[in-house]
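In: can't give you the sequence, but here's the structure:
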């Protein structure tokens, strides 16, 4: 069993109109190399599900997104994501704006193969006004009226981790694994990019088995992508690249800024991208943020 | 010793909002609320739980600002997903946040300003965790620039959190977790202690008048008798704040870093 895929094969397995979940959180451990592969492709009309950062902003800027399902979109140290703002303020973007916990709940419902999970979250807010949420009444004596958070079933989920092996065993070594487990279980196919793909995890890295965030039956394919989270962070390997985020943010203020960014930074291939943003040694040395 | 600054007075006022909260996770978003929660843990309420801003629980609050060393000592583990499971859904948390708009019902907005929902004039973050936080656990607010643009007349543009507005409450829902505590601003401290949770003026900061607060607030305030003056930081508190904020990040939060007493030149 060998789950390795090239970037081209990865893109070829996706299709227009798919619902794609992007793991990670804001500017943290985003599968950016996979996002860049989509940016370089002809894919369109995607529904994107994310705790969003530049992944969401870039896909919006490139016109890839038909519908956005989000808990937030932010670059943390740069609170307001520039291309997300532009897209929202231009109007016409189909959105499902969720509480961060709703997103967790929707992915869990899909993972558990349930149509919804009950929650109080959303009651008393405009999420009820705009999202078309239905309520359910507890069948027990309490009779409580609850929001039915619909399952967020994904056609594909994208994750980035430190290591994977040919079988799809993966290890995320940072202190936080965010909601990646739930993205993987909510998806028909989970694509994991990894800094390093080894032959057999059990032979090369058995001591880090606790960093295996989801069982390999939920991993459809692995794609080798060194520095593939850049410009987001990948603890403990490298921190986020605030200089790159600033340049990206500045591009949104320029006329034709996205096209220029796409041509001059994202470019035609991943190896060239790493060089264009300063080279592997520079990225590998980016310090981990302390909050 | 120099006069305390308004920022330092606000840190102490934020700290007071966490007094006696017990063994819950105290979350202060932004420098002043975070320093307030940290000060609370180091002085009157040591049992508070707190994170390093990332995935670890710490018993010694982490200083703010850039530094070339990392002396964080994890005491426990609270990564993002577990944060919901352990601190939000269970109600074991008190968050202090800074929304863009707040209305008389305590409804907050951090999502979108103006225009329509499909085409907002100014898009911000999205509702983030506000809907879930406000129906499950205690919340307070910090507002660095008290004005009618923040404390709006009528409802906020996009109701991102549940408040005390009866018209918004779907019958049969359980709102027992709604617990809005204090609003600390650059002018005053307010809470929801009026009749039917109306906003009440708790104290005004030194040199600020009640009329000034009223003029900057878009809705009526409940004012009971003589409104006390917010207390100044003690020397001990100032020393702890200085240690928690070695780069004086606090000085950049309020324009021109004024004195705690507005009648005193900074």
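Out: Here it is on my side, so go on. This is a predicted model, so every value here is computed, not measured.
In: lowest average confidence, helix or strand, in chain B?
Out: In chain B, no helix or strand scores lower on mean pLDDT, DSSP states H and E than helix B:80-83, which sits at a mean of 93.
In: list the contacts of the helix or strand following it.
Out: Scanning forward in sequence from helix B:80-83 by DSSP states H and E, the next helix or strand is strand B:93-97. Residues outside strand B:93-97 that contact it (CB atoms under 8 Å, 6 or more residues apart in numbering or on different chains) are B:14, B:17-18, B:21, B:24-29, B:33, B:36-37, B:87, B:108, B:110, B:130, B:133, B:136-142, B:181, B:184. Using the backbone N, CA and C atoms, a C-beta is placed for each residue, glycine as well.
In: just the buried residues from those residues, in ChimeraX please.
Out: Selection of buried members from those for ChimeraX, criterion 16 or more other CB atoms under 10 Å in any protein chain shown:
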select /B:14,17,18,21,24,25,26,27,28,33,36,37,87,108,110,130,133,136,137,138,139,140,141,142,181,184
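In: filter the contacts of strand B:93-97 by proximity to chain A?
Out: Among the contacts of strand B:93-97, the residues that sit close to chain A (CB under 8 Å from any CB of the partner chain) are B:130, B:136.
In: what are the ranges of the helices in the stretch 51-200 of chain A?
Out: Here the stretch 51-200 of chain A has its helices, by DSSP state H, counting those that start in this stretch, at A:54-61, A:82-90, A:100-111, A:126-131, A:180-186.
In: can you give me the strands for the chain?
Out: All of this refers to chain A. Assigned by DSSP state E, chain A shows strands spanning A:19-22, A:46-52, A:65-73, A:94-97, A:116-119, A:134-137, A:145-150, A:154-165, A:170-171, A:187-198, A:221-224.
In: that answer is for a different chain, and I need it for chain B
Out: Counting by DSSP E, chain B has these strands, from start to end: B:25-28, B:56-58, B:74-77, B:93-97, B:101-102, B:108-109, B:112-115, B:120-123, B:138-143, B:179-185, B:188-191, B:200-204.
In: could these go into a markdown table alongside mean pLDDT?
Out: Formatted as a markdown table, the strands of chain B follow (pLDDT from 0 to 100):
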| stretch | mean pLDDT |
| --- | --- |
| strand B:25-28 | 98 |
| strand B:56-58 | 95 |
| strand B:74-77 | 95 |
| strand B:93-97 | 98 |
| strand B:101-102 | 98 |
| strand B:108-109 | 98 |
| strand B:112-115 | 97 |
| strand B:120-123 | 96 |
| strand B:138-143 | 98 |
| strand B:179-185 | 98 |
| strand B:188-191 | 98 |
| strand B:200-204 | 98 |
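In: most tightly packed of the ones you listed?
Out: Sort those by mean neighbour count, taking mean count of other CB atoms under 10 Å in any protein chain shown, and strand B:108-109 sits at the top with a mean of 27.
In: count of residues packed around residue B:225?
Out: Counted with other CB atoms under 10 Å in any protein chain shown, residues neighbouring residue B:225 total 5.
In: repeat for the one 3 residues further on
Out: A total of 11 residues lie near residue B:228 under the criterion other CB under 10 Å.
In: and the residue lying closest to it once chain neighbours are set aside, how far from chain A?
Out: Spatial nearest neighbour of residue B:228, chain neighbours left out: residue B:203 (4.8 Å); criterion: CB to CB, 6 or more residues apart in numbering or on different chains. Remark: distance between residue B:203 and chain A (CB to the nearest CB, to the nearest Å) = 28 Å.
In: isn't residue B:203 up against residue B:189?
Out: Yes. With contact defined as CB atoms under 8 Å, residue B:203 reaches residue B:189; the gap is 4.8 Å.
In: now the common contact residues for those two.
Out: residue B:230.
In: check what contacts stretch B:183-203 and list those residues.
Out: By CB under 8 Å, 6+ apart, the list of residues contacting stretch B:183-203 from outside reads B:6, B:10, B:13-14, B:17, B:36, B:96, B:102, B:104-106, B:140-146, B:164, B:180-182, B:204-205, B:208, B:210, B:212-213, B:216, B:219-224, B:227-230, B:254.
In: contacting residues for the closest residue to residue B:127 other than its chain neighbours?
Out: What sits nearest to residue B:127 in space, not counting adjacent residues and going by CB to CB, 6+ apart, is residue B:160, at 4.2 Å. Residues near residue B:160 by CB under 8 Å, 6+ apart: A:125-126, B:99, B:107-111, B:127-128, B:130-131.
In: can you confirm whether the least confident helix or strand of chain B lies near chain A?
Out: Yes. Using CB under 8 Å from any CB, helix B:80-83 comes into contact with chain A via B:80-81.
In: still on that earlier bit, dump the strands of chain B to JSON lines, plus distance to residue A:93.
Out: Converted to JSON lines, the strands of chain B look like this (distance: least, CB to CB, whole Å):
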{"stretch": "strand B:25-28", "distance to residue A:93": "31"}
{"stretch": "strand B:56-58", "distance to residue A:93": "37"}
{"stretch": "strand B:74-77", "distance to residue A:93": "37"}
{"stretch": "strand B:93-97", "distance to residue A:93": "26"}
{"stretch": "strand B:101-102", "distance to residue A:93": "22"}
{"stretch": "strand B:108-109", "distance to residue A:93": "19"}
{"stretch": "strand B:112-115", "distance to residue A:93": "12"}
{"stretch": "strand B:120-123", "distance to residue A:93": "10"}
{"stretch": "strand B:138-143", "distance to residue A:93": "29"}
{"stretch": "strand B:179-185", "distance to residue A:93": "32"}
{"stretch": "strand B:188-191", "distance to residue A:93": "36"}
{"stretch": "strand B:200-204", "distance to residue A:93": "41"}
